[in-house]
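S.K.: next come a sequence and a model predicted from it.
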Amino acid sequence: MATLVFDAAVLSRKDDIPPQFVWPADEAPSVDGVEEIAVPVVDLAGFLAGDGAAGLRDLAAACEKHGFFQVVNHGVDPALLAKAYRCCDAFYVLPLAEKQRAQRRLGENHGYAGSFVGRFGSKLPWKETMSFNCSAAPEGARKVVDYFVGVLGEEYRDMGEVWQEYCDEMTRLALDVTDVLAACLGLGRGALRGFFAGDASQMRLNRYPPCQQPHLTLGTGPHHDPTSLTLLHQDDVGGLEVFTGGAWHAVRPRSDAFVVNIGDTFSALTNGRHISCLHRAVVNSSLTRRSLTFFLSPQLDRLVAPPAELLAIDGRPRAYPDFTWREFLEFTQKHYRSGWRTLDAFAAWINQGRKG
Ligand SMILES: *[C@@H]1O[C@H](CO)[C@@H](O)[C@H](O)[C@H]1NC(C)=O
Ligand SMILES: *[C@@H]1O[C@H](CO)[C@@H](O)[C@H](O)[C@H]1NC(C)=O
Ligand SMILES: O=C(O)CCC(=O)C(=O)O
């Protein structure tokens, strides 16, 4: 199988980018740029301290319209974020051969991806990624450190420790966010936490090198996250865009905020009331951009079905059949690569007897 290696140092200087990275005109970003969107902001500390109702109406509307918002006063130490970005850089400046010791293989969802195997022969994303599992379950407490040491060696223990600490904080924050969303849905605080007990979450570090033809390509193609909730921190370059009201909109970086994207599984959990956010990332002609994404997911065998209390409040028929996170994850890996309307395709596949 042909392998195209993403060598950032070489590609960043190319005046003509390789055709595999050129996206069709109707998907490529507009040369004129897109308008910024005013993203609703949740004050997490304020919510947790009890002035819970403030701003919830706007937030609920945002979740039902496009599925994303920002959270500030989230309690994540800025020093930890700074350390995380330093670690991200320290990983990506490694020689390619060193990074490839963590090479992600076909069918796997963890490791370093900077070269792309044959079947991804077109519309390649302009980026490198490093992904790894994490979990707040007791047996997952050292998962991240063990992964770094296991795959890259003892010298990477400190790096693993930083990502362990970062992931632990992200799980804490994501679960706090479920409390806010539960309130939006008319459920009690804590109503959605049990669903995520023993979570099988994931962390991904994205690095987008500069591109001389930024309007021909995308750093991350348009997609819905199949996972439950995504906590995204972007550096100050900018590039995250969300689709709402029939158009793409830029999300201005805000160093004190995490962007929360609702994913397919959370949408199913809310009986379709909260929308899975369609988003993408564009690249920059002169600057390297980084984003840190944490994907909260339940245990693999958790049944994804809306809480009875929610169905009673909602009064609407079930939007999706029952499924487990494992089934959906496997579907996204084996049957259906595209990030578009994956949940609908999955629901149709279940309703047709899980064939094919
Ligand atoms: C990471 O988690 C996924 C499921 O969430 C699992 O399929 C995979 O084997 C795990 N990989 C590692 C290295 O733990
Ligand atoms: C690159 O980033 C800078 C700084 O954020 C911004 O001003 C500029 O518009 C971006 N250029 C492109 C092509 O995105
Ligand atoms: O880099 C970004 O802002 C978006 C990243 C993203 O959507 C992803 O990693 O799934």
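M.R.: Yep, it's here. Ligands and ions are numbered 1, 2, ... in the order given.
S.K.: what's near enough to touch the closest residue to Gln299 other than its chain neighbours?
M.R.: Counting by Cβ to Cβ, 6 or more residues apart in numbering, the nearest residue to Gln299 once its immediate chain neighbours are dropped is Gly198, at 4.3 Å. C-beta here means a position set from N, CA and C on the backbone, and glycine is covered the same way. Gly198 makes contacts with 135-137, 298-299, as judged by Cβ atoms under 8 Å, 6 or more residues apart in numbering.
S.K.: for ligand 1, what are the nearby residues on this protein?
M.R.: Residues of the chain found near ligand 1 (Cβ under 6 Å from any ligand atom) are 109-110, 133, 200, 300.
S.K.: who wins for neighbours among those residues?
M.R.: Each of the residues of the chain next to ligand 1 was scored for neighbours by other Cβ atoms under 10 Å, and Ala200 scores highest at 22 neighbours.
S.K.: and the pLDDT for the residue in the stretch 151-300 of the chain that ligand 1 sits nearest to?
M.R.: Evaluated by Cβ to the nearest ligand atom, the stretch 151-300 of the chain has Ala200 as its residue closest to ligand 1, separated by 4.0 Å. The predicted local distance difference test score for Ala200 is 97.
S.K.: isn't there a helix covering Leu231?
M.R.: No: note on Leu231: no helix contains this position according to DSSP: H, G, I helix; E, B strand; the rest coil, which reports strand.
S.K.: that one - how many residues pack around it?
M.R.: 24.
S.K.: that one touches Phe258, doesn't it?
M.R.: Yes: the criterion here is Cβ atoms under 8 Å, and Leu231 meets it with Phe258 at 4.7 Å.
S.K.: if we can go back for a sec, among the residues of the chain next to ligand 1, which two are most distant?
M.R.: His110 and Leu300 (14.1 Å; Cβ to Cβ).
S.K.: now for Val42: which residues touch it?
M.R.: So Val42 contacts 55, 59, 69-72, 177, 180 (Cβ under 8 Å, 6+ apart).
S.K.: for Ala347, same thing?
M.R.: If you count contacts by Cβ under 8 Å, 6+ apart, Ala347 has them with 320-321.
S.K.: which SS class is whichever residue of the stretch 1-150 of the chain sits closest to ligand 2?
M.R.: With distances taken as Cβ to the nearest ligand atom, the stretch 1-150 of the chain approaches ligand 2 most closely at Gly33, which sits 7.2 Å away. Each residue gets one of three states, and Gly33 gets coil by three-state DSSP.
S.K.: which residue ranges form the strands in the stretch 151-300 of the chain?
M.R.: Counting by DSSP state E, counting those that start in this stretch, the segments of the stretch 151-300 of the chain that form strands are 201-208, 220-224, 229-234, 240-244, 247-250, 258-262, 278-281, 289-296.
S.K.: which parts of the stretch 151-300 of the chain sit against ligand 2?
M.R.: 214, 237-238, 284-285, 287.
S.K.: which ones among those residues lie within helices?
M.R.: When helices are assigned by DSSP state H, not one member of these lies inside them.
S.K.: the residue in the stretch 251-356 of the chain positioned nearest to ligand 3 bridge partners, please.
M.R.: Of all residues in the stretch 251-356 of the chain, Ser291 sits closest to ligand 3, with a separation of 3.4 Å (Cβ to the nearest ligand atom). According to DSSP bridges, the partner residues bridging Ser291 are Asn206, Gln234.
S.K.: that one: neighbour count?
M.R.: Taking other Cβ under 10 Å as the neighbour definition, Ser291 ends up with a count of 24.
S.K.: for it, give me its contacts.
M.R.: If you count contacts by Cβ under 8 Å, 6+ apart, Ser291 has them with 206, 208, 232-235, 239-240, 281.
S.K.: which one of those has the most neighbours?
M.R.: Among the contacts of Ser291, the one with the most neighbours (other Cβ under 10 Å) is Tyr208, at 28 neighbours.
S.K.: now do the helix ranked longest in the chain against strand 258-262, angle only.
M.R.: Across the chain, the helix with the greatest residue count (assigned by DSSP H) is helix 157-184. Interaxial angle of helix 157-184 relative to strand 258-262 (axes from the mean of the first three to the mean of the last three Cα atoms, to 10 degrees): 60 degrees.
S.K.: buried residues in helix 157-184?
M.R.: Of the residues in helix 157-184, those buried under the neighbour-count criterion (16 or more other Cβ atoms under 10 Å) are 159-171, 173-184.
S.K.: what angle do that helix and strand 201-208 make?
M.R.: For helix 157-184 against strand 201-208, the angle by the same axes, to 10 degrees is 110 degrees.
S.K.: following the one helix or strand in the chain whose mean pLDDT sits lowest, which helix or strand shows up next?
M.R.: None of the helices or strands of the chain scores lower by mean pLDDT, DSSP states H and E than strand 115-117, at a mean of 50. For strand 115-117, the following helix or strand on the C-terminal side (DSSP states H and E) is strand 128-134.
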